[in-house]
Every structure is written in structure tokens, then in C-alpha cells.
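> return a 3D structure for these sequence lines:
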Amino acid sequence: MPGMRKWKWVAAGLALVASGVTAYLLSQPRVRSIQYHKEQYLKGPSLAEKWMEDHLPGDARFWFWQRRNTREDFHYRALVQLGYLEERVFSLSNLLAPEWDDLDGFRARVYRFTDQLTNMTSELNQILDVATNSITVVGPREQMVEWAEAIREADLAVGRLRHK
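Sure thing, here's the model as predicted:
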């Protein structure tokens with residue numbers, strides 16, 4: 001009978017380990033969920049990737065950089081397909097003159113207005129393109145109203161600068 005007690009403890013230990021592993025696996029985000037893709041998109045390089053990027057020759061370093069960009073793009077596209085992120089093109093009423101090459105300045109002005117209007121600072125918010133009559137942004141769908149307001153304010157500021 002003393003041997004039976006030992007097996008009961010072993011069985012109890014195995015059951016505890018199995019329930020712990022199950023709880024861990026169930027607590028992880030589902031692979032096709034918004035949370036999973038968001039975490040993977042925002043995740044930086046691992047320590048091993050950083051070391052390799054710093055210490056490997058140029059071609060290998062480029063391969064790691066390209067691999068990370070491909071991974072980020074995959075998760076970004078998944079967030080767009082799942083409806084979490086939205087790409088939107090906004091028209092500008094105060095056309096940026098072709099000779100006005102300060103598109104980065106306009107981009108910075110839009111970012112400044114978005115920061116003033118809301119707390120939208122996030123790695124998920126990006127200005128993808130600024131053209132002479134439009135601006136393309138991407139961000140969480142629920143923040144597009146704030147983007148529209150920030151772009152309107154920046155557009156009006158360009159109009160005020162032009163008419164001075």
C-alpha cells in the first residue's frame with residue numbers, strides 16, 4: 001500500500017502540470033485574433049535578431065531586416081483585413097503647391113494636431129502618403145474622426161500661411 005500513495009502523488013503532480021499548461025495555452029491570444037496580430041506587429045526584434053543584425057555581414061543583416069519588415073507587413077495587413085486598422089485618404093482643400101516641398105513639415109503639423117486633439121500617439125497611427133491634394137493615413141478605425149479633425153486643422157493652417 002505505501003507504493004500506491006507514491007503513485008497518487010505522481011498522478012496529482014501530473015494533473016497539476018497538465019492543468020497549468022492548459023491554462024497557459026488558453027490564456028494566449030488566438031492566432032487569428034486582433035490582439036495577436038497587434039502584439040506581433042508592435043513586437044520588436046528579439047535579442048538574437050538584434051545581435052545578428054549588429055554582428056553579421058551586410059547581406060545577412062539585410063536578410064534579417066527584410067524578414068522583420070515582411071513579418072510586420074503581414075500583421076499590419078491582417079489588422080486591416082480584420083477591420084481594426086483602416087487606411088483612409090483625406091482630401092485637402094488648401095492644395096499644397098507643387099513647389100512647396102515641405103511635405104514633411106505638413107506631416108509634422110498633422111501629427112502635432114492629432115496629439116493636441118486626442119491622445120492618439122501610437123505606433124499603429126501612421127501617415128502613409130502626403131500628396132499635393134490628399135493625405136493617406138492609417139490608424140485604428142475608431143480614431144478616424146480624430147484624424148479627420150487633425151487634418152482639417154492642419155489644412156486650415158496651410159491656408160492661413162498662404163494668405164499672409
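
> identify the bridge partners of Ile127.
Legend: beta-bridge partners of Ile127 under DSSP bridges are Val137.

> could you check how far it is from Arg160?
21 Å (C-beta to C-beta, to the nearest Å). Just so you know, the C-beta spots here come from the backbone N, C-alpha and C atoms, and that holds for glycine as well.

> higher neighbour count, these two?
Ile127 (20 against 9; other C-beta atoms under 10 Å).

> surely the more buried one meets Gly139?
No: here Ile127 lies out of contact with Gly139, judged by C-beta atoms under 8 Å, at a distance of 9.4 Å.

> which residue is the nearest non-sequential neighbour of Leu56?
Once flanking residues are discounted, Leu56 sits nearest to Phe64: 7.3 Å by C-beta to C-beta, 6 or more residues apart in numbering.

> what is the burial count for the one you found?
By other C-beta under 10 Å, neighbour count at Phe64 equals 16.

> equivalent analysis for Leu92, please.
19.

> repeat that for Pro140.
18.

> and it, what does it touch?
Tyr84, Leu85, Glu86, Ser122, Leu124, Asn125 (C-beta atoms under 8 Å, 6 or more residues apart in numbering).
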